[in-house]
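1. A structural model of the following input is requested.
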Amino acid sequence: MTDKATSDKQIMYRDARTTGKYDDIWQSTGKCVFCDLRDKYVIYEENGVVLTIVLFAYIDGHCMIIPRRHVRSVKELTPVEWETMRKMMYIAKKMIREIYGIKGMQIVQKDGAEAQSTVDHLHFHCIPFDEPDLNVWNYRQLKNTPIENTELYRSKITDIEKLAKRFSRKYQDESR
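-> From the prediction side, this is the model:
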């Protein structure tokens, strides 16, 4: 690829979110872009987990933490992978502060097909947070008060306890 073509592609990546081109791009890849990470964008890698730049970033300094192994949920991570993810979060926050002077960072976990716009591959966004404009939510009218929501969950305590036991049997026993 020529230097001009490379430069144009990088500018397209940089501007895709604000020009509206992002939706066309991610829907046409036809593959898991996280299983096919380009090493030229990887910042750091350890134990099969990478800290990488985001091609279609929300803000300068935005990076992601992605396991190389195709996993759909945190429950599929090994204890070593999970500890490495935590380590990468620490590194990302420190580097965002050092390079961009931004002290805050939002960590957005994309877990499960419904939460992901690209692929069903677990990843964490590390988004520098300097102003609340980046965090615009489409709030919904709530049906329940906080105490009513608490009561709804507490009414399912037997189910919650069963899930806690199932998790321990399924995931904690594996790590021993």
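2. quick one: the helix or strand hosting residue 165 to chain centroid distance?
-> For residue 165, the host element (DSSP states H and E) is helix 157-167. Distance of helix 157-167 from its chain centroid, counting by Cα atoms, centre = their mean, to the nearest Å, is 26 Å.
3. Now do it: everything it contacts.
-> For helix 157-167, the external contacting residues (Cβ atoms under 8 Å, 6 or more residues apart in numbering) are 75, 153. The C-beta positions use only the backbone N, C-alpha and C, and glycine is treated the same way.
4. Number the chain from 53, please
-> With 53 as the first residue, the last one maps to helix 209-219.
5. following the helix or strand of the chain with the lowest mean pLDDT, which helix or strand comes up?
-> Least confident helix or strand of the chain, by mean pLDDT, DSSP states H and E, is helix 74-78 with a mean of 56. Using DSSP H and E, the helix or strand that follows helix 74-78 in sequence is strand 94-98.
6. Now do that next one, average pLDDT.
-> Strand 94-98 carries an average pLDDT of 94.
7. which other helices and strands contact that strand?
-> In terms of contacts (3 or more Cβ pairs under 8 Å, 6 or more residues apart in numbering; DSSP states H and E), strand 94-98 is packed against strand 101-105, helix 131-152.
8. Indicate which one of the ones you listed is closest to residue 182.
-> Residue 182 lies closest to helix 131-152 among these, at 8.1 Å (Cβ to Cβ).
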